[in-house]
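In: Return atomic coordinates for the entry below.
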Amino acid sequence: MTRKLFGTDGVRGTANAHPMTAQMALAIGAAAGRYFRRESGGTHRVVIG
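Out: Take a look at the predicted model:
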């Protein structure tokens, strides 16, 4: 069974357990930052909860 990392509510996984490690969280955050900077026509708001 393949685990699903991305769902309708965001990124899923157990913190600090493969594959949702600190390095993965950093990579996802960096990718989101690059995306919003590239697609920026103005200011974007990101909510992390």
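
In: ranges for the strands of the protein?
Out: 6-7, 10-11 (DSSP state E).

In: tell me the mean pLDDT for the first one?
Out: For strand 6-7, the mean per-residue pLDDT is 64.

In: again with the last one
Out: For strand 10-11, the per-residue pLDDT values average out at 72.

In: Any stretches of this protein with poor pLDDT?
Out: When the per-residue scores of the chain are filtered using pLDDT under 70, the ranges that remain are 1-10, 39-42, 46-49.

In: And the helices in it?
Out: 22-38 (DSSP state H).

In: how near is Ala15 to Ala27?
Out: 15 Å (CB to CB, to the nearest Å). Where C-beta positions appear, they are placed from N, C-alpha and C, glycine not excepted.

In: Just want to know which of the two has more residues nearby.
Out: Using other CB atoms under 10 Å, the more surrounded residue of Ala15 and Ala27 is Ala27, with 11 against 8.

In: Tell me the spacing between that one and Arg12.
Out: In terms of CB to CB, Ala27 sits 15 Å off from Arg12.

In: Roughly how far does Thr43 sit from Ala31?
Out: 19 Å.

In: And for Arg38?
Out: Distance, Arg38 to Ala31, by CB to CB: 11 Å.

In: Looking at these two, which one has more neighbours?
Out: Taking other CB under 10 Å, Arg38 and Ala31 do not tie; Ala31 has more neighbours (10 against 7).

In: Kindly provide the distance from that one to Thr21.
Out: The spacing between Ala31 and Thr21, counted by CB to CB, is 15 Å.

In: before we move on, what about Thr43?
Out: The span separating Thr43 from Thr21 equals 30 Å under the rule CB to CB.

In: Same check on Arg37?
Out: In this view, Arg37 and Thr21 are 24 Å apart by CB to CB.

In: more neighbours, those two?
Out: Looking at Arg37 and Thr21 with other CB under 10 Å, you find the greater number of neighbours at Thr21, namely 13 against 9.

In: Any chance of the backbone angles for the more buried one?
Out: In this entry, Thr21 is assigned phi and psi values of phi -90, psi 170 (degrees, to the nearest 10).
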